[in-house]
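Chemist: below: sequence and its predicted model.
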Amino acid sequence: MTDRADVGDRAPEFTAPGVENGRRRDFALSEYRGRKVVLAFYPGDFTPG
């Protein structure tokens, strides 16, 4: 696997922590298969960058 993704590449399967309805839960990319997904990253609150 490379560290670079190009337009049209398939995203690797992953699971990420999250919150739904006030409860913590893990979200897996496979839960959204067949749908468009936007994944955004941002620096954590109160961290430089």
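Modeler: Okay, I see it.

Chemist: where in the protein is pLDDT low?
Modeler: 1-2, 43, 45-46, 49 (pLDDT under 70).

Chemist: mind checking the backbone torsions on R25?
Modeler: phi -160, psi 160 (degrees, to the nearest 10).

Chemist: ok, now how distant is it from A5?
Modeler: 26 Å (CB to CB, to the nearest Å). Placement of C-beta: from N, CA and C, glycine included.

Chemist: now do the contacts for the closest residue to L39 other than its chain neighbours.
Modeler: Nearest residue to L39 in three dimensions, chain neighbours excluded: A11, at 7.7 Å (CB to CB, 6 or more residues apart in numbering). A11 makes contact with A5, L29, V37, L39 under the criterion CB atoms under 8 Å, 6 or more residues apart in numbering.

Chemist: and if you look at R25?
Modeler: Counting by CB under 8 Å, 6+ apart, R25 touches P17, G18, V19.

Chemist: for the chain, what spans make up the strands?
Modeler: All strands of the chain, identified by DSSP state E, fall at 15-20, 23-28.

Chemist: ok, which of those strands comes nearest G44?
Modeler: strand 15-20 (12.9 Å; CB to CB).

Chemist: so what strands line up beside the closest one?
Modeler: Using DSSP bridges, the strands paired with strand 15-20 are strand 23-28 (antiparallel).

Chemist: restricting to C-alpha, output the strand it pairs with in PDB.
Modeler: Extracted C-alpha coordinates of strand 23-28, given in PDB (Å, rounded to 0.1, in the frame of the first residue of the first chain):
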ATOM      1  CA  ARG A  23     -23.000   7.600  22.500                       C
ATOM      2  CA  ARG A  24     -19.600   6.600  21.500                       C
ATOM      3  CA  ARG A  25     -19.300   4.000  18.700                       C
ATOM      4  CA  ASP A  26     -17.000   2.900  16.000                       C
ATOM      5  CA  PHE A  27     -17.800   3.600  12.400                       C
ATOM      6  CA  ALA A  28     -16.600   1.200   9.600                       C
END
